[in-house]
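1. 3D model of this:
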Amino acid sequence: MFKTSPDAAQERRQRWLSVLAKASEDRLESLWKELGPAPAYNVLRRPEIGLVMVQGRISGSGAPFAAGEMTVTRAAVRLDGGQLGIGYVGGRKPRQAELVAALDAMGQTPEWQQKIEAEVVAPLVAEAEARRRQRASQAAATKVDFFTVAREAGT
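-> Model (predicted):
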């Protein structure tokens with residue numbers, strides 16, 4: 001069972017929104033269909049496409065600077081029980097923004113929390129970690145040990 005403190009609920013919601021926003025649209029759609037019958041919801045804000053300014057920092061901690069603009073899609077829905085869900089995703093993906101908003105709203109109800117964690121969020125996290133490990137492995141394969149090169153050149 002999930003912790004019910006407001007801080008724990010907020011942290012869980014932030015983590016879920018991050019994972020859902022980074023998932024591929026096709027994968028999120030297939031996981032949505034596997035959830036079974038979802039509760040009815042009203043679309044409060046139809047998916048809208050717009051731009052946001054992306055801010056960067058020199059060396060990750062220095063002075064902020066405007067790195068450029070990024071296209072995003074946002075949506076908002078409300079379940080019949082009153083839970084409000086929001087969805088922001090990078091790119092022009094109206095369906096994904098609506099799905100993220102619906103899952104966000106459903107995740108605020110106790111009866112859906114475990115199911116969404118187990119059947120949507122956990123698989124997406126595992127897939128993202130597998131992709132990260134694969135990229136790290138590919139990068140490690142190209143690593144050059146300059147100490148060895150220098151030592152061999154001296155003999």
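2. list the contacts of Gly50.
-> Listed by CB atoms under 8 Å, 6 or more residues apart in numbering, the contact partners of Gly50 are Thr71, Val72, Thr73, Arg74. Where you see a C-beta, it was placed from the backbone N, CA and C, and this is true even at glycine.
3. try Asp104
-> Contacts were defined as CB under 8 Å, 6+ apart; by that measure Asp104 touches Arg13, Trp16, Leu17, Leu20, Gly85, Ile86, Gly87.
4. how does it look with 7 Å?
-> Going by CB atoms under 7 Å, 6 or more residues apart in numbering, Asp104 touches Arg13, Trp16, Leu17, Gly85, Ile86, Gly87.
5. same check on Glu98?
-> Contacts were defined as CB under 7 Å, 6+ apart; by that measure Glu98 touches Val43, Pro47, Ala75, Val77, Gly87.
6. host element of the spatially most central residue of the chain?
-> Residue closest to the average C-alpha location in the chain (CA atoms, centre = their mean): Val19, at 2.6 Å. With secondary structure defined by DSSP states H and E, Val19 is part of helix 6-22.
7. now do that helix, average pLDDT.
-> The average of the pLDDT scores along helix 6-22 is 91.
8. and it, C-alpha only, in PDB?
-> Included here for helix 6-22 are C-alpha records, laid out as PDB according to Å, rounded to 0.1, in the frame of the first residue of the first chain:
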ATOM      1  CA  PRO A   6       0.700  14.700   1.500                       C
ATOM      2  CA  ASP A   7       4.500  14.800   0.800                       C
ATOM      3  CA  ALA A   8       4.600  11.100  -0.200                       C
ATOM      4  CA  ALA A   9       1.600  11.600  -2.500                       C
ATOM      5  CA  GLN A  10       3.100  14.700  -4.100                       C
ATOM      6  CA  GLU A  11       6.400  12.900  -4.700                       C
ATOM      7  CA  ARG A  12       4.700   9.900  -6.200                       C
ATOM      8  CA  ARG A  13       2.600  12.100  -8.500                       C
ATOM      9  CA  GLN A  14       5.700  14.000  -9.600                       C
ATOM     10  CA  ARG A  15       7.500  10.800 -10.300                       C
ATOM     11  CA  TRP A  16       4.500   9.300 -12.300                       C
ATOM     12  CA  LEU A  17       4.100  12.500 -14.300                       C
ATOM     13  CA  SER A  18       7.800  12.500 -15.200                       C
ATOM     14  CA  VAL A  19       7.800   8.800 -16.200                       C
ATOM     15  CA  LEU A  20       4.500   9.100 -18.200                       C
ATOM     16  CA  ALA A  21       5.700  12.300 -20.000                       C
ATOM     17  CA  LYS A  22       8.900  10.500 -21.200                       C
END
